[in-house]
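Visitor: model this:
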Amino acid sequence: MIGSILETIGRTPLITIPNTNTKHEGQVLLKYERYNPGGSIKDRPALFIIQEAERRGWLHPGGTIIESSSGNFGISLAMIGAAKGYRVVILADPKTTGANLALLRGFGAEVIIVTEQDDSGSYHKTRISLANKLAGEIDNSFRPDQCFNLLNSEAHYRSTAREILEACPGKLAAFVTAVSTGGQLGGISHYMKIYAPEVQIIGVDAVGSTIFGGESDAYRIPGIGLSWTPVNLNLNDIDCAYKITDEQAFVAARAFARNEGILMGPSSGACALVALKTAQELAPGERVVCMVSDGGERYIQTLFNEEWMGEQIFAASVGAEELRTMARRLQPWSVRPNYRPDLVQSLGVPETTLHMNRDSGRLARQSTE
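Guide: Numbering: from 1, shown residues only. Take a look at the predicted model:
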């Protein structure tokens, strides 16, 4: 018998894509995080960070959770807040979909829309600054701070990475996931380098994001990309990186829905496209695990909206062979980090986050002993 809804987080399945993946190449296995109760992979770090905050006395009964998030992490926190009785305040922006806003409010979260763009043309820095300001003004509040809290990657190091290795049958040759705030890629890559160093680690980012360097520009892919390299990510653990265009990400996600019956968001579409490219370069019997961070229901107004796709001048659909050709033409991106240590001070990162980061090194050492 299962108790709280939070006890159902994790243990998500690995699924194949037999209509797109051929028997003459490596096999793609999608780690399908849609099966988490909050609908995404973000349930994992959100719960881990909240539990650690409770254990350390940073979050008390009746407290307020304040976070900058345009999507899945905020939804996970809203769900956890509802289950545990916390007030939740989420800082979102105009790119946040109507579906995500509805889910946030459905779980009882208070939503503040930040409309001021930062120096990169995005909203990340202005959202984070306001969230930190509110955390300093609201009594008994806590900032999970997914962008700067190293417990984000620690959550995936301790559970997700181990789950992947235990569940993957046969030879795991490569692992693919999006960068986002660096938590999943950072934590899983570090674990793999210790316990399965033969596995190639591949990061996926959006064209226009500067996590791996390059020129900053606007992009439409939600849940991916930053204008700096996140502290949760050690680029020494990354073997290869790809940058995917908006159209490639959206078209790929639609193609997997139509050709495989698998719903996923645009960032996962980008990752699955890179995983297919990787499989094309592997031998039969070798496997590549790709993280699919959520389902596609949250993108009905964009990804699965024919009118919206037309307005972006994106292709409405492609067949399996066209998708395979698109994957084959992908080229890796040279990794040139864009670390910004000055952001900790300029964005007012809370002391609680800095204390947690000092402790996370101890946690990482203990987990390898």
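Visitor: going by C-alpha atoms from here, please, whenever you check contacts or count neighbours.
Guide: OK.
Visitor: tell me the SS of residue 197?
Guide: coil (DSSP: H, G, I helix; E, B strand; the rest coil).
Visitor: tell me who's in contact with it.
Guide: For residue 197, the contact set (Cα atoms under 8 Å, 6 or more residues apart in numbering) is empty.
Visitor: quick one: pLDDT of it?
Guide: pLDDT recorded at residue 197 is 95.
Visitor: which residues in the stretch 251-369 of the chain form strands?
Guide: Using DSSP state E, counting those that start in this stretch, the strands found in the stretch 251-369 of the chain span residues 286-292.
Visitor: what about the nearest residue to residue 334 once chain neighbours are set aside, how many residues nearby?
Guide: Nearest non-adjacent residue to residue 334, counting by Cα to Cα, 6 or more residues apart in numbering: residue 241, 6.9 Å away. Other residues lying near residue 241 total 23 when counted by other Cα atoms under 10 Å.
Visitor: can you give me the pLDDT of residue 241?
Guide: 93.
Visitor: distance of it relative to residue 27?
Guide: 20 Å (Cα to Cα, to the nearest Å).
Visitor: and residue 129, by the same measure?
Guide: From residue 129 across to residue 27, the span is 43 Å (Cα to Cα).
Visitor: more neighbours, those two?
Guide: Neighbours were counted for residue 129 and for residue 27 using other Cα under 10 Å; residue 27 has more, 28 against 18.
Visitor: right, and that one touches residue 287 too?
Guide: Yes. Counting by Cα atoms under 8 Å, residue 27 touches residue 287, with 4.7 Å between them.
Visitor: who touches both of these two?
Guide: residue 279.
Visitor: now residue 193. Nearest residue, chain neighbours left out?
Guide: Using Cα to Cα, 6+ apart and skipping the chain neighbours, the partner closest in space to residue 193 is residue 237 (6.7 Å).
Visitor: give me the most central residue, this structure.
Guide: Most central in the chain under Cα atoms, centre = their mean is residue 180, positioned 4.8 Å from the mean C-alpha point.
Visitor: assign a three-state SS to the closest residue to that residue other than its chain neighbours, would you?
Guide: In space, and not counting its chain neighbours, residue 180 is closest to residue 224: 4.3 Å by Cα to Cα, 6+ apart. At residue 224 the chain is in coil, as set by three-state DSSP.
Visitor: thought residue 104 was touching residue 73?
Guide: No. Judged on Cα under 8 Å, residue 104 makes no contact with residue 73 at a distance of 10.2 Å.
Visitor: so where do the strands sit in the stretch 1-150 of the chain?
Guide: Remark: strands assigned in the stretch 1-150 of the chain by DSSP E, counting those that start in this stretch are 14-16, 27-32, 64-68, 87-92, 110-113, 141-142.
Visitor: in JSON lines: these, plus mean pLDDT.
Guide: Shown next, in JSON lines, are the strands of the stretch 1-150 of the chain (pLDDT from 0 to 100):
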{"stretch": "strand 14-16", "mean pLDDT": "97"}
{"stretch": "strand 27-32", "mean pLDDT": "98"}
{"stretch": "strand 64-68", "mean pLDDT": "97"}
{"stretch": "strand 87-92", "mean pLDDT": "97"}
{"stretch": "strand 110-113", "mean pLDDT": "98"}
{"stretch": "strand 141-142", "mean pLDDT": "97"}
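Visitor: and those as a markdown table, adding distance to residue 121?
Guide: Below are the strands of the stretch 1-150 of the chain laid out as a markdown table (distance: least, Cα to Cα, whole Å):
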| stretch | distance to residue 121 |
| --- | --- |
| strand 14-16 | 37 |
| strand 27-32 | 32 |
| strand 64-68 | 16 |
| strand 87-92 | 15 |
| strand 110-113 | 16 |
| strand 141-142 | 28 |
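Visitor: between the ones you listed, which one is closest to residue 270.
Guide: strand 27-32 (12.6 Å; Cα to Cα).
Visitor: partner strands of the closest one and their direction?
Guide: Using DSSP bridges, strand 27-32 pairs in its sheet with strand 14-16 (antiparallel), strand 286-292 (parallel).
Visitor: if we can go back for a sec, helices or strands next to the helix or strand harbouring the residue nearest to residue 334 in the packing?
Guide: Element membership for residue 241 (DSSP states H and E) is strand 240-244. Packing contacts for strand 240-244, counted by 3 or more Cα pairs under 8 Å, 6 or more residues apart in numbering; DSSP states H and E, involve strand 200-206.
Visitor: so what strands line up beside the strand it packs on?
Guide: Counting by DSSP bridges, strand 200-206 is paired with strand 171-178 (parallel), strand 240-244 (parallel).
Visitor: output that strand as CSV, nothing but the C-alphas.
Guide: Extracted in CSV, the C-alpha atoms of strand 200-206 (Å, rounded to 0.1, in the frame of the first residue of the first chain):
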residue,chain,number,x,y,z
GLN,A,200,29.5,8.6,-23.2
ILE,A,201,27.7,11.6,-21.6
ILE,A,202,25.9,13.9,-24.0
GLY,A,203,24.3,17.2,-23.1
VAL,A,204,21.6,18.9,-25.2
ASP,A,205,21.0,22.7,-25.2
ALA,A,206,19.1,25.2,-27.3
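Visitor: tell me which residues are up against that strand.
Guide: Against strand 200-206 from outside (Cα under 8 Å, 6+ apart): 173-180, 185, 189, 211-212, 219, 221, 224-225, 237-246, 270-271, 274.
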